[in-house]
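>>> Sharing a sequence plus its predicted fold:
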Amino acid sequence: MMFTRMFVRLGACLHRLPKRNAQPPALWPPGITRGPCAASRTQHTASHSKSCLWQLREDYFELSVSGLLMRFDYVWLRDHCRSASCYNTKTNQRNLDTATVELGIRPSNIRMDEETLFLTWPDGHVTRFNLAWLVQNSYEGQKQRAVQPRILWNSEIYNEAKVPAISCEGFMTSDEELKQFLKTFLLYGIAFVEDVPPTLEATETVAQRVSLIRETMYGRVWNFTSDFSRGDTAYTKLALDRHTDTSYFQEPCGIQVFHCLRHEGTGGRTLLVDGFHGADKVLKEAPGNFELLSRVPIKHEYIENVGAYHNHMIGVGPVLNVYPWNNELYMIRYNNYDRAVINTVPHDTVQRWYVAHRALTSELRKPENELWVKLKPGKVLFIDNWRVLHGRESFTGLRQLCGCYLTRDDVLNTARSLGLQA
Ligand SMILES: C[N+](C)(C)CCCC[C@H](N)C(=O)O
Ligand SMILES: O=C(O)CCC(=O)C(=O)O
């Protein structure tokens with residue numbers, strides 16, 4: 001009874017809400033436009049046993065669950081209606097034509113029980129939201145969560161973690177093993193598969209277990225030696241300092257796969273450095289440097305005119321790429337060889353950019369952050385090219401390295417389909 005009375009009073013109150021451009025009311029004003037979630041007027045809902053309060057505000061609906069204060073714009077609530085006419089649960093696609101929703105829409109009635117928020121719109125349409133769904137999908141909930149949980153590492157942390165390599169057979173045949181592999185890969189940004197036949201075909205098969213191969217101007221699955229057949233230092237015996245690949249693409253390749261099929265000579269070890277660990281140190285020691293590197297766009301470039309190859313690639317973007325809502329780093333673009341002329345930065349920022357870039361470089365070059373591995377036939381290395389930098393020692397003799405790039409979306413797709421957060 002009391003509940004019904006409350007709806008009526010709420011409805012009446014809503015009609016009196018001021019226009020959008022009017023002065024907003026004071027926060028949590030006394031009145032009837034707020035309440036606890038449960039039918040009883042206690043502060044705790046029975047099913048969640050979580051403190052839950054709500055309030056109608058002029059421009060948005062305010063909901064507090066277990067201390068998390070969330071704000072939902074009314075047009076957002078209408079747009080995200082999951083009723084059968086608004087949303088197709090078979091295809092998981094929106095049916096509602098959002099352009100038909102009045103941008104200043106407000107509910108004419110609103111009520112809440114222990115688990116559900118009910119909104120009635122002026123045309124009579126009813127929207128129901130499960131509270132857990134709202135928490136899960138709110139901006140405030142998203143802001144608190146890491147999109148991708150990670151373990152930042154230096155060589156000691158990585159070595160002490162004793163991350164097991166997965167054997168090729170298990171990797172190819174068991175989804176549980178594949179999941180273990182991907183879990184490691186997502187946490188550390190590198191992972192190994194062992195006992196792979198040392199052939200191009202086997203490498204391709206292993207790579208395709210995880211994702212789709214991203215073909216580039218280097219080919220689909222490449223197999224290269226120091227023959228300088230392409231216009232890039234990678235095709236020599238020279239050392240390569242730490243870098244990420246294809247920084248000159250608008251979307252750098254997500255994953256790099258390496259398999260050393262043969263090496264008769266000395267040197268040639270692979271260097272791995274967790275770029276996110278380095279960037280995190282910069283953030284903690286000098287947030288201004290981190291901010292600058294995440295804000296200033298620069299160009300990278302690949303210009304090749306060797307034999308029949310003529311390529312000119314340009315990629316634009318900051319060194320550090322962060323999600324704007326939580327400042328979480330999701331991609332580092334770091335390649336001093338391929339960095340193009342800086343002409344996207346005004347003169348009064350250039351010096352500060354170099355200072356910030358130097359701070360990051362110094363961090364990335366600290367010996368304790370370097371993980372050196374010698375790739376051997378049979379051992380396939382997967383590198384998250386958006387996170388972990390790679391390099392190599394100079395070498396002598398014949399060294400044959402094969403591998404490919406993978407599309408990142410499809411790696412994450414595989415991980416999600418196995419129940420991992422990615
Ligand atoms: C891996 N593979 C040998 C095919 C290509 C090497 C690309 C090297 C380039 N400088 C870059 O960093 O993107
Ligand atoms: O030769 C290697 O081990 C690595 C080459 C490399 O860094 C690259 O291809 O990007």
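Arrived safely, thanks for sending. Ligands and ions are numbered 1, 2, ... in the order given.
>>> Can you list the residue ranges for helices in the protein?
Secondary structure of the chain (DSSP state H): helices located at 2-15, 74-79, 131-137, 139-144, 155-161, 168-173, 175-188, 200-210, 275-285, 287-295, 347-364, 408-417.
>>> Tell me which of those lies nearest to residue 105.
Closest of the helices of the chain to residue 105 is helix 74-79, at 5.4 Å (criterion: C-beta to C-beta). C-beta here means a position set from N, CA and C on the backbone, and glycine is covered the same way.
>>> just how off-centre is the closest one within its chain?
Remark: helix 74-79 is offset 26 Å from the chain centroid, using C-alpha atoms, centre = their mean, to the nearest Å.
>>> Enumerate every residue touching whichever residue of the stretch 151-300 of the chain sits closest to ligand 2.
Residue nearest to ligand 2 within the stretch 151-300 of the chain (C-beta to the nearest ligand atom): residue 234, separated by 3.7 Å. Contacts for residue 234 (C-beta atoms under 8 Å, 6 or more residues apart in numbering) come out as 224, 240.
>>> again, only this time at 10 Å
Going by C-beta atoms under 10 Å, 6 or more residues apart in numbering, residue 234 touches 218, 222, 224, 226, 228, 240, 243, 245, 337, 392, 401.
>>> if I look at residue 151, how far off is residue 380?
Distance of residue 151 to residue 380, given as C-beta to C-beta, to the nearest Å: 21 Å.
>>> again with residue 90
39 Å.
>>> Ok, residue 261 next?
Separation of residue 261 from residue 380 (C-beta to C-beta) stands at 11 Å.
>>> Those two: who's more crowded?
Set residue 261 next to residue 380 and count neighbours by other C-beta atoms under 10 Å: residue 380 wins out with 27 against 21.
>>> which one is residue 295 nearest to, not counting chain neighbours?
residue 318 (6.3 Å; C-beta to C-beta, 6 or more residues apart in numbering).
>>> And for the one you found, the neighbour number?
18.
>>> that older thread, between residue 261 and residue 380, what contacts are shared?
Common neighbours of residue 261 and residue 380, counting by C-beta under 10 Å, 6+ apart, are 198, 202, 203, 402, 403.
>>> tell me the contacts of the first one?
Right, residue 198. Residues near residue 198 by C-beta under 10 Å, 6+ apart: 259, 260, 261, 262, 376, 377, 378, 379, 380, 400, 402.
>>> Distance of the nearest residue to residue 402 once chain neighbours are set aside relative to residue 106?
Spatial nearest neighbour of residue 402, chain neighbours left out: residue 223 (4.1 Å); criterion: C-beta to C-beta, 6+ apart. Note on residue 223: its distance to residue 106, by C-beta to C-beta, is 63 Å.
>>> Name the residue in the two with the higher neighbour count.
More crowded of residue 223 and residue 106, by other C-beta under 10 Å: residue 106, with 22 against 15.
>>> measure the closest residue to that one other than its chain neighbours to ligand 1 for me?
Spatially, and ignoring its direct neighbours in sequence, residue 106 is nearest to residue 74 (5.2 Å; C-beta to C-beta, 6+ apart). For residue 74, the distance to ligand 1 equals 48 Å [C-beta to the nearest ligand atom, to the nearest Å].
>>> Kindly report the same for residue 406.
Shown here: residue 406 relative to ligand 1, a distance of 12 Å by C-beta to the nearest ligand atom.
>>> so that residue makes contact with residue 246?
No: look at residue 406 against residue 246 with C-beta atoms under 10 Å: they stay out of range, at 11.9 Å.
>>> which regions of this protein sit below the pLDDT cut-off?
Scanning the chain for pLDDT under 70 picks out the ranges 1-50.
>>> Can you tell me which of the contacts of residue 198 has the most neighbours?
Ranked by the number of neighbours (other C-beta under 10 Å), the contacts of residue 198 place residue 259 first, at 29 neighbours.
>>> which parts of the stretch 51-200 of the chain sit against ligand 1?
Contact residues, the stretch 51-200 of the chain versus ligand 1 (C-beta under 6 Å from any ligand atom): none.
>>> Tell me the residue of the stretch 51-200 of the chain that sits nearest ligand 1?
Residue nearest to ligand 1 within the stretch 51-200 of the chain: residue 200 (13.0 Å; C-beta to the nearest ligand atom).
>>> thought that residue was touching residue 257?
No: the pair residue 200 and residue 257 does not pass the contact test of C-beta under 10 Å, sitting 11.4 Å apart.
>>> more neighbours, those two?
The neighbour comparison of residue 200 against residue 257 (other C-beta under 10 Å) goes to residue 257, with 24 against 17.
>>> OK, contacts around the residue lying closest to that one once chain neighbours are set aside?
With sequence-adjacent residues excluded and distances taken as C-beta to C-beta, 6+ apart, residue 257 is closest to residue 403, at 4.4 Å. By C-beta under 10 Å, 6+ apart, the residues touching residue 403 are 200, 203-204, 207, 218, 221-224, 255-261, 375, 380-383.
>>> burial of residue 240, as a residue count?
Around residue 240 there are 18 other residues, counting by other C-beta under 10 Å.
>>> now the one 10 residues further on
In terms of burial, residue 250 registers 10 neighbours under the definition other C-beta under 10 Å.
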